[in-house]
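Student: need a 3D model of the following:
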Amino acid sequence: MAEKFHLDAELVLPGTAARLERGLALGESLFERYPVTVVSTEYIKSDRRRDEFLRSCPELVIVDEAHTCADPAAGRGGRHQRYQLLSGLAADQRRHLLLVTATPHSGKEEAFRALIGFLDPAFRDLPADLTSEERAQERRRLARMLVQRRRADIEHYLGDTPFPRRESREETYDLAPDYRRFFQRVLAYARETVRDAETGSHRQRVRWWAALGLLRAIGSSPAAAAETLRNRAQTAETATAEEADEVGRRSVLDLVEEESAEGTDVSPGADPEPGDEEETPNRRLLRRLAREADALRGPDRDAKLARGLKLVAEIVEDGFHPIVFCRFIATADYLAEHLRRFLPADVEVASVTGLLPPEEREQRVHELAEKPRRVLVCTDCLSEGLNLQERFDCCVHYDLSWNPTRHEQREGRVDRFGQPRDTVRVLTYFGRDNPIDGIVLDVLLKKHRTIRDSLGISVPVPVDSNAVLEAILEGLLIRGRDEAEQLSLFSHPELASAREGFHGEWERSAERERRSRTVFAQETLRVEEVARELEETRRAIGSAADVRRFVAEALRAHGALVSGDGALDVDLAEAPRALRDALGP
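Tutor: Numbers count the residues shown, from 1 in each chain. Next up is the predicted model:
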């Protein structure tokens with residue numbers, strides 16, 4: 001904002017609010033003292049801060065990622081608080097409200113209705129299909145408030161806009177024999193615990209999430225597997241099956257549509273038993289498995305690591321600066337440690353995870369960016385919120401995300417406006433004989449890529465994707481008996497039906513998005529008209545020289561002493577007190 005609009009904005013975050021609030025007058029709001037702010041939605045959504053913001057917020061509000069505020073069905077929690085916040089902002093018809101989102105329609109019709117209802121409450125009742133001639137008037141009303149721009153539109157209008165070309169490829173590995181045997185032992189243990197129905201529905205759900213988290217950690221790295229085997233499952237201390245499901249989904253799945261990636265990179269824990277009793281048969285078994293996982297560390301027994309080291313080395317030798325995304329903190333640190341040993345001494349490797357506070361993460365990334373040859377290994381704590389395109393140009397998915405939107409966010413760190421390279425690389429890495437990777441690829445990632453290639457845009461996964469993924473993974477654990485059966489898992493009628501129904505809903509969501517973008521595309525926008533308006537606005541505001549001259553003459557007219565050829569030196573000693581008070585300290 002300072003560079004483009006010469007506006008000095010104050011950043012309002014939990015870490016900065018206390019400093020900004022010092023010195024406020026009694027009853028004065030932070031937003032009254034600082035008229036231009038950039039404020040975190042997560043900070044401002046709570047009831048107390050929301051009411052203060054609504055009372056004193058400025059006349060123009062820009063809401064980024066506005067679709068995360070448009071879920072009226074969420075009865076509690078962060079999504080409901082964000083919805084209340086945006087509803088309060090939209091209620092004042094005098095306020096200028098700009099809602100920014102790359103995914104206005106996420107497949108959930110009610111949320112889309114709420115989003116366009118912020119523009120005008122009457123839009124909530126518009127029919128789903130506005131393409132007919134009879135709906136032309138309603139279509140024009142809505143189109144007056146929509147501005148749609150895909151990358152292709154911007155490239156068409158501006159010609160020389162520096163968007164890179166994405167070069168994507170896949171690479172695979174096969175589990176080493178010792179690792180495969182270890183995987184099968186853990187899979188057998190997971191099946192046994194999940195199938196045990198005698199402990200009641202709550203404990204069964206606790207065991208289900210503990211087993212699923214363990215399988216995910218083993219597919220990530222032996223380091224993540226060992227840490228998970230030694231940790232208590234986050235669901236262990238829950239009181240009900242519903243609470244166990246809520247905690248389990250948050251710790252094991254990738255709920256991009258629910259919250260940010262903050263705090264999701266810790267190992268989930270495999271011990272489903274509550275309490276601190278040490279010597280139980282299950283805990284002895286888990287500790288023995290953890291020691292087996294420790295023995296699998298290193299490129300000699302971890303084929304994923306061995307192949308991954310070579311792939312990253314090839315990328316660096318080709319002159320690229322990769323970001324390597326891992327799911328767990330333990331995996332990121334483990335991979336970074338071995339990359340430092342494997343790569344040439346002049347290649348700097350840094351690991352950035354959720355263990356670091358946001359300010360320290362940013363500092364570590366900036367320090368790494370100064371190195372001529374560099375590799376950034378991180379978790380999804382860096383998949384959003386930090387621009388990395390000027391210093392990095394390759395994205396490696398060392399661990400698959402269980403939500404394609406997260407993959408898009410990762411790749412968006414390098415494939416975006418301002419990337420100096422003409423081509424960026426994206427490498428998706430997975431195990432050919434890893435059953436978890438196979439399910440995620442088959443159900444989610446391949447379908448997502450097909451839709452994106454067809455439409456030229458990314459369409460979010462339908463909202464029930466986690467339930468479908470859970471059902472299919474449950475099929476692996478409960479119905480599967482051996483590796484051969486895993487390969488034909490989707491031949492089971494119930495599981496095949498779940499996958500096909502899910503893909504059908506995703507295709508219908510993509511078709512709705514295609515129709516929306518066709519109906520509301522601004523193909524009639526004329527660049528020359530925008531340029532003329534922009535020039536007239538600049539002329540009305542004045543150039544930097546005009547502003548400088550006006551300020552200097554106005555201050556002199558009020559008795560101030562003004563000097564200096566570059567920056568102005570202003571002495572207000574002889575100026576009226578009213579002027580000194582108005583200008584501040």
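Student: the strands in the stretch 201-350 of the chain, which residues?
Tutor: 322-325, 348-352 (DSSP state E, counting those that start in this stretch).
Student: helices or strands up against the longest one?
Tutor: Spelled out, it's strand 348-352. helix 329-342, helix 358-369, strand 374-378 (3 or more CB pairs under 8 Å, 6 or more residues apart in numbering; DSSP states H and E). (Glycine included, C-beta is placed from N, CA and C.)
Student: what comes into contact with that strand?
Tutor: 332-333, 335-336, 339-340, 343, 361, 364-365, 367-368, 371, 373-379, 381-382 (CB atoms under 8 Å, 6 or more residues apart in numbering).
Student: just the buried ones from these, in PyMOL syntax?
Tutor: Per 16 or more other CB atoms under 10 Å, the buried members of these correspond to this PyMOL selection:
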select buried, resi 332+333+335+336+339+340+343+361+364+365+368+373+374+375+376+377+378+379+381+382
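Student: re the thing from before, so which of the strands of the stretch 201-350 of the chain gets nearest residue 58?
Tutor: Among the strands of the stretch 201-350 of the chain, strand 348-352 comes nearest to residue 58, with 34.2 Å by CB to CB.
Student: what's the angle from that closest one to helix 329-342?
Tutor: Using axes from the mean of the first three to the mean of the last three CA atoms, to 10 degrees, the direction of strand 348-352 lies 170 degrees away from that of helix 329-342.
Student: average pLDDT for strand 348-352, rounded please.
Tutor: Average pLDDT, strand 348-352: 97.
Student: and it, how far from the chain's centre?
Tutor: Computed by CA atoms, centre = their mean, to the nearest Å, the separation of strand 348-352 from the middle of its chain amounts to 21 Å.
Student: and the residue nearest in space to the middle of the chain, how far is that from residue 101?
Tutor: The C-alpha lying nearest the average C-alpha coordinate of the chain belongs to residue 384 (CA atoms, centre = their mean; 4.5 Å). In this view, residue 384 and residue 101 are 14 Å apart by CB to CB, to the nearest Å.
Student: doesn't residue 401 make contact with residue 407?
Tutor: Yes - with contact defined as CB atoms under 8 Å, residue 407 reaches residue 401; the gap is 5.4 Å.
Student: show the pLDDT at the residue nearest to the residue nearest to the centre of the chain when sequence neighbours are not counted.
Tutor: Of all residues not flanking residue 384 in the chain, residue 409 sits nearest, at 5.0 Å (CB to CB, 6 or more residues apart in numbering). In this model, residue 409 is scored at 87, pLDDT.
Student: residue 409 contacts residue 382, doesn't it?
Tutor: No - proximity of residue 409 to residue 382 does not meet the contact threshold set by CB under 8 Å, at 9.6 Å.
Student: residue 145: what's it in contact with?
Tutor: So residue 145 contacts 116, 119, 120 (CB under 8 Å, 6+ apart).
Student: same check on residue 380?
Tutor: Residue 380 touches 254, 261, 264, 265, 325, 327, 401, 406, 409, 410, counting by CB under 8 Å, 6+ apart.
Student: using a markdown table, lay out those together with neighbour count and distance to residue 354.
Tutor: Shown next, in a markdown table, are the contacts of residue 380 (neighbours: other CB atoms under 10 Å; distance: CB to CB, whole Å):
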| residue | neighbour count | distance to residue 354 |
| --- | --- | --- |
| 254 | 25 | 14 |
| 261 | 21 | 8 |
| 264 | 22 | 8 |
| 265 | 21 | 5 |
| 325 | 28 | 13 |
| 327 | 26 | 11 |
| 401 | 23 | 15 |
| 406 | 22 | 14 |
| 409 | 21 | 15 |
| 410 | 23 | 15 |
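Student: what is the nearest of those to residue 184?
Tutor: residue 327 (21.4 Å).
Student: the closest residue to the closest one other than its chain neighbours and residue 380, how far apart?
Tutor: The spatially closest residue to residue 327, leaving aside those adjacent along the chain, is residue 399, at 4.0 Å (CB to CB, 6+ apart). For residue 399, the distance to residue 380 (CB to CB) stands at 9 Å.
Student: where do the contact lists of those two overlap?
Tutor: With CB under 8 Å, 6+ apart, residue 399 and residue 380 have common neighbours 325, 327.
Student: can you pull the contacts of residue 251?
Tutor: 209, 213, 234, 235, 264, 266, 268, 269.
Student: where's it relative to residue 133, distance?
Tutor: 51 Å.
Student: can you map out the strands along the stretch 401-550 of the chain?
Tutor: 423-431.
Student: point out where it drops to low pLDDT.
Tutor: 455-458, 460-469, 471-472, 474-496, 498, 512-525 (pLDDT under 70).
Student: I'd say residue 381 and residue 353 touch.
Tutor: Yes - between residue 381 and residue 353 there is a contact under CB under 8 Å: 6.2 Å.
Student: residues in contact with residue 402?
Tutor: 216, 253, 254, 440, 444, 469.
Student: need the max-distance pair from these.
Tutor: Longest span within these, CB to CB: 216 and 444, 14.0 Å.
Student: quick one on the thing from earlier: state the distance from the residue nearest to residue 384 to residue 372.
Tutor: Taken as CB to CB, the span from residue 409 to residue 372 is 27 Å.
Student: distance from stretch 171-191 to the middle of the chain?
Tutor: 30 Å.
Student: which of the residues in that stretch are buried?
Tutor: 173, 175, 176, 179, 180, 182, 183, 186, 187, 189, 190, 191.
Student: got TSV for those residues, with distance to residue 246 and pLDDT too?
Tutor: Shown next, in TSV, are the buried residues of stretch 171-191 (distance: CB to CB, whole Å; pLDDT from 0 to 100):
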residue	distance to residue 246	pLDDT
173	34	94
175	33	93
176	37	93
179	33	94
180	34	92
182	31	94
183	28	91
186	25	91
187	26	87
189	25	89
190	21	86
191	24	84
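Student: out of the residues you listed, who's nearest residue 28?
Tutor: Nearest to residue 28 among the buried residues of stretch 171-191, with distances taken as CB to CB, is residue 190, at 57.6 Å.
Student: thought that closest one was touching residue 216?
Tutor: No - at 10.9 Å, residue 190 and residue 216 do not qualify as touching, with contact defined as CB under 8 Å.
Student: that older thread, want to try TSV for the strands of the stretch 201-350 of the chain, with distance to residue 151 as columns?
Tutor: Formatted as TSV, those follow (distance: least, CB to CB, whole Å):
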stretch	distance to residue 151
strand 322-325	20
strand 348-352	28
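Student: out of those, which gets nearest to residue 23?
Tutor: strand 348-352 (34.9 Å).
Student: and the angle for the closest one with strand 374-378?
Tutor: Using the same axes, to 10 degrees: strand 348-352 against strand 374-378 is 20 degrees.
Student: what lines up beside strand 348-352 in the sheet?
Tutor: strand 374-378 (parallel) (DSSP bridges).
Student: on the three-state scheme, the residue lying farthest from the centre of the chain is what?
Tutor: Taking CA atoms, centre = their mean as the measure, the residue most remote from the mean C-alpha position of the chain is residue 574, 54.2 Å away. Secondary structure state of residue 574, per DSSP: H, G, I helix; E, B strand; the rest coil, is coil.
Student: so who does it touch?
Tutor: 559, 560, 561.
Student: enumerate the beta-bridge partners assigned to the last one.
Tutor: Listed beta-bridge partners, residue 561: residue 571 (assigned using DSSP bridges).
Student: surely it and residue 571 touch.
Tutor: Yes - using CB under 8 Å, residue 561 is in contact with residue 571, at 4.0 Å.
Student: and the closest residue to residue 49 other than its chain neighbours, what does it touch?
Tutor: Nearest residue to residue 49, sequence neighbours excluded (CB to CB, 6+ apart): residue 43, at 6.7 Å. Contacts for residue 43 (CB under 8 Å, 6+ apart) come out as 12, 13, 14, 17, 49.
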